[in-house]
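Novice: Here is my input, please return the structure:
(one chain, ligands or ions: 2)
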Amino acid sequence: MRGKIAFEEHVAIEETLEQTHVFARDSASLDRFNRQILGVGGERLEIMDETGIEFAILSLNAPGIQGIPDTRQAIYLAKKANDRMAEAAASHPDRFGAFAALPMQDPDAAADELRRCVEQLGFKGAMVNGFTQKERPDSAIYYDLPEYRSFWAQVAALDVPFYLHPRMQIPAQAKNYEGHPWLMSAPWGFAVETSIHALRLCGCGLFDEYPTLKICLGHLGENIPFGLWRLDARMRFSPRGYRGKRPLGDYFRKHFHITTSGNFNDPAFKCTLEVLGRDKLYFSADYPFEKMQDAADWYDSTTTISEQDRLQIGRSNAVKLLKLDLK
Ligand code: GRE
Ligand code: ZN
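Specialist: Ligands and ions are numbered 1, 2, ... in the order given. As a prediction, this is how the structure comes out:
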């Protein structure tokens, strides 16, 4: 399919590049990876052309700004990364947009930076890589906490989506991964960490206060669609501490938008589609952690959807969610 739109497509700046090296297999693949994640020109555009991806929303790699405990440094690097992505989008306005990286260490600064990015730079929303470290490297702060309500007010006022992207758990919080570093990373721990954060947002009353918020998740929903029925079923018996007015599943189905990033698999796709419906699903790749070719080969040929749904999920839903002005 031509004309696809992808929106979990990562870039790094020199200051965040090293964060990605833990994921590299060997030095040859590291060189290619570095070139691809730093590049916002020729090679990326060529692969997009080959795979029928017309437009990509760029975002900073994980953990990015969330992994920088020093608040001033976080604010500085978020601006720097966003200015870099804005340049790329300005150089290729018909191929690239951007999601803002945000210094969540300071909720007011994060809200201000989001407003700057959306109103002045034409960004389409935000991508935040899970909990934020702040001051101490062993801290982990989640955005259901009361100090983030004014930040969420800004997200709602700007009416842009907030993409909650995975990050690796930090050692201080990862006792149960001990001796199994592979388990903490993209194969499983990313989804555990991100799903818990997403469910905390559902359970804290946030969506009662801001009924128009839109949250994006990648990887076909970080395993939540598969578990959603049981969540609600068991919550009837043990809702301790749950602060939503409605069942959790209602919030998830209403507020969450799910992409195919890094999860190119029919059974998982069918489950997500059945739970959320065709209006809440979107194509994405997760370049350069995944090959655009793998994402597109699977998406373009999956027999789980009609051609009409392929176009809707691959393109029209994103035009609407991200308010894209494409020809
Ligand atoms: C991602 O961005 O989703 C990602 C990483 C690191 C490793 C694998 C992966 O940031 O999918
Ligand atoms: Zn990603």
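Novice: what residues does the stretch 201-327 of the chain put near ligand 1?
Specialist: Counting by CB under 6 Å from any ligand atom, the positions of the stretch 201-327 of the chain adjacent to ligand 1 are Gly262, Asp286, Phe289. (C-beta placed from N, C-alpha, C; glycine too.)
Novice: Ok, the stretch 1-150 of the chain next?
Specialist: Near ligand 1, when you scan the stretch 1-150 of the chain using CB under 6 Å from any ligand atom, you find His10, Phe23, Asn61, Ala62.
Novice: my read: the last one touches Gly130, true?
Specialist: This points to Ala62. Yes - judged on CB atoms under 8 Å, Ala62 makes contact with Gly130 at a distance of 7.3 Å.
Novice: list residues touching both of these two?
Specialist: Shared contacts of Ala62 and Gly130 (CB atoms under 8 Å, 6 or more residues apart in numbering): His165, Pro166, Arg167.
Novice: nearest to Pro69, of these?
Specialist: Closest approach to Pro69 among the shared contacts of Ala62 and Gly130 (CB to CB): Arg167, at 13.5 Å.
Novice: quick one, what contacts Asn34?
Specialist: Leu17.
Novice: in what helix or strand does it lie?
Specialist: In the assignment (DSSP states H and E), Asn34 maps to helix 27-38.
Novice: how about Gln169, secondary structure?
Specialist: coil (DSSP: H, G, I helix; E, B strand; the rest coil).
Novice: Give me the pLDDT for it.
Specialist: According to the prediction, Gln169 has pLDDT 95.
Novice: so it touches Tyr177, yeah?
Specialist: Yes - between Gln169 and Tyr177 there is a contact under CB under 8 Å: 6.6 Å.
Novice: Touching both of the two, which residues are there?
Specialist: With CB under 8 Å, 6+ apart as the test, Gln169 and Tyr177 both reach Met184, Gly189.
Novice: So if I had to pick from these two, which one is more boxed in?
Specialist: Using other CB atoms under 10 Å as the criterion, Gln169 and Tyr177 rank with Gln169 on top: 21 against 18.
Novice: Could you tell me the phi and psi values at that one?
Specialist: Per-residue torsions, Gln169: phi -60, psi 150 (degrees, to the nearest 10).
Novice: Show the contacting residues for it.
Specialist: Gln169 neighbours (CB under 8 Å, 6+ apart): Tyr177, Met184, Gly189, Val192, Glu193.
Novice: Going along the chain, name the strands of the protein.
Specialist: Using DSSP state E, the strands of the chain run over residues 4-11, 53-60, 96-100, 125-128, 132-134, 136-141, 162-164, 215-217, 256-259, 281-282.
Novice: possible to save the ones you listed as TSV with mean neighbour count and mean pLDDT?
Specialist: Below are the strands of the chain laid out as TSV (neighbours: other CB atoms under 10 Å; pLDDT from 0 to 100):
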stretch	mean neighbour count	mean pLDDT
strand 4-11	27	98
strand 53-60	26	98
strand 96-100	29	98
strand 125-128	28	99
strand 132-134	23	98
strand 136-141	13	97
strand 162-164	25	99
strand 215-217	25	99
strand 256-259	25	98
strand 281-282	24	98
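Novice: quick one on the thing from earlier: restrict the shared contacts of Ala62 and Gly130 to those near ligand 1?
Specialist: Filtered for proximity to ligand 1 (CB under 6 Å from any ligand atom), these shrink to Pro166.
Novice: Who wins on neighbours among the shared contacts of Ala62 and Gly130?
Specialist: His165 (28 neighbours).
Novice: Quick check: that residue touching Gly125?
Specialist: No - His165 lies out of contact with Gly125 (CB under 8 Å); the separation is 11.7 Å.
Novice: which non-adjacent residue is nearest Thr302?
Specialist: In space, and not counting its chain neighbours, Thr302 is closest to Asp266: 5.9 Å by CB to CB, 6 or more residues apart in numbering.
Novice: for this structure, what's the longest helix?
Specialist: helix 71-91 (DSSP state H).
Novice: for that helix, which positions count as buried?
Specialist: For helix 71-91, burial by neighbour count (16 or more other CB atoms under 10 Å) applies to 71, 74-75, 77-82, 84-86, 88-89.
Novice: Likewise for stretch 293-310?
Specialist: Across stretch 293-310, burial judged by 16+ other CB under 10 Å covers Ala295, Ala296, Tyr299, Ile305, Arg310.
Novice: could those residues go into CSV alongside distance to Leu213?
Specialist: Compiled in CSV, those are given as follows (distance: CB to CB, whole Å):
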residue, distance to Leu213
Ala295, 27
Ala296, 30
Tyr299, 27
Ile305, 27
Arg310, 28
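Novice: just the residues you listed now: which is nearest ligand 1?
Specialist: Distance to ligand 1 across the buried residues of stretch 293-310 (CB to the nearest ligand atom) is lowest for Ala295, with 11.5 Å.
Novice: since we're on the residue lying closest to Leu201 once chain neighbours are set aside, how many residues are nearby?
Specialist: Excluding its sequence neighbours, the residue lying closest to Leu201 (CB to CB, 6+ apart) is Asp144, at 5.4 Å. Per other CB under 10 Å, the neighbour tally for Asp144 reads 18.
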